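Novice: Build me a model from this:
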Amino acid sequence: MIQSVREKYNAEFNPEKYKEFLEALEKTYNKEVVFRVAETPIFVDKILRQKLIDASEQIVDIICKPDFKEASQRAIPAQYNVKNENDHTHFICIDFAICKDEKGELTPQLIELQGFASLYSWQWFISKMYKEYFYCPEGFSPYFSGLNDKTYLDLLRKVLIGKHELENVVLLELRPHEQKTRIDFYIANAELGINIVCLSEVIQREN
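Specialist: A predicted model of the protein is given here:
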């Protein structure tokens, strides 16, 4: 996205370093990464960064409207309704394609929304590893709102665990150790202490 940064990153990149990077990803937590990891992050300038923020805020504004939940309820078959759900999700992943508008300028176009929390530990980890193994220009950060590696992880801990006792917080998934995103589960377990539980292991006792 920024030609000068891209050229310098590409000039310093080599397959051997990328191989070392992949090996380090698996050695850190002694767990296999089963999906393809990009050879490079993208480097976004301030203009596109602001466009991404503005587009995200517009989407969130729609989702947070008082009548949105009622209006969207018809899209979910009744048998999939869940009792006692929160008023809104704690997490929203907004996937954008970067396209060119009629003026030839880069602009975000929405692909999909996701509300699950199985990316956030991985994103924290992978950004640190990119900076450790590859060129990252000064002043660039994967975080918004002034966060850094430590404060991001602190915020993630606050959202996922909050005031609850850690023994009462689990990462619940169907066959979690078979999921392609399982490395994220292992990072959350190692860094936040959250236990990984398969849905088939849950047993109801009394009430």
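Novice: E178 - how many residues pack around it?
Specialist: Using other C-beta atoms under 10 Å, E178 has 10 neighbouring residues. Just so you know, the C-beta spots here come from the backbone N, C-alpha and C atoms, and that holds for glycine as well.
Novice: right, I mislabeled it, should have said Y130
Specialist: 18.
Novice: Let me see the contact set for it.
Specialist: Y130 is in contact with 21, 41, 136, counting by C-beta atoms under 8 Å, 6 or more residues apart in numbering.
Novice: could you redo the last one with a cut-off of 10 Å?
Specialist: Applying C-beta atoms under 10 Å, 6 or more residues apart in numbering to Y130 gives the contacts 9, 21, 37-38, 40-41, 136, 142.
Novice: So which of those is the closest to I94?
Specialist: P142 (15.2 Å; C-beta to C-beta).
Novice: Counting neighbours, what do you get for that closest one?
Specialist: Counted with other C-beta under 10 Å, P142 comes out at 17.
Novice: Using CSV, lay out the contacts of Y130 together with secondary structure and distance to L166.
Specialist: As requested, those are exported to CSV (DSSP: H, G, I helix; E, B strand; the rest coil; distance: C-beta to C-beta, whole Å):
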residue, secondary structure, distance to L166
Y9, helix, 39
F21, helix, 32
V37, coil, 30
A38, coil, 33
T40, coil, 36
P41, coil, 32
C136, coil, 33
P142, coil, 27
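Novice: Let's see if you can find the most crowded of these.
Specialist: Y9 (19 neighbours).
Novice: so what's the closest residue to that one other than its chain neighbours up against?
Specialist: Leaving out its chain neighbours, the residue that sits closest to Y9 by C-beta to C-beta, 6 or more residues apart in numbering is Y135, at 5.0 Å. Y135 sits next to 5, 8-13, 40, 43 when contact means C-beta under 10 Å, 6+ apart.
Novice: go again using 8 Å as the cut-off
Specialist: Residues in contact with Y135 (C-beta under 8 Å, 6+ apart) are 8-9, 12-13.
Novice: Name the helix or strand of the chain that has the lowest mean pLDDT.
Specialist: Using mean pLDDT, DSSP states H and E, the weakest-scoring helix or strand in the chain turns out to be helix 68-72, at a mean of 82.
Novice: residues in contact with that one?
Specialist: Identification of contacts with helix 68-72 by C-beta under 8 Å, 6+ apart yields 62, 87.
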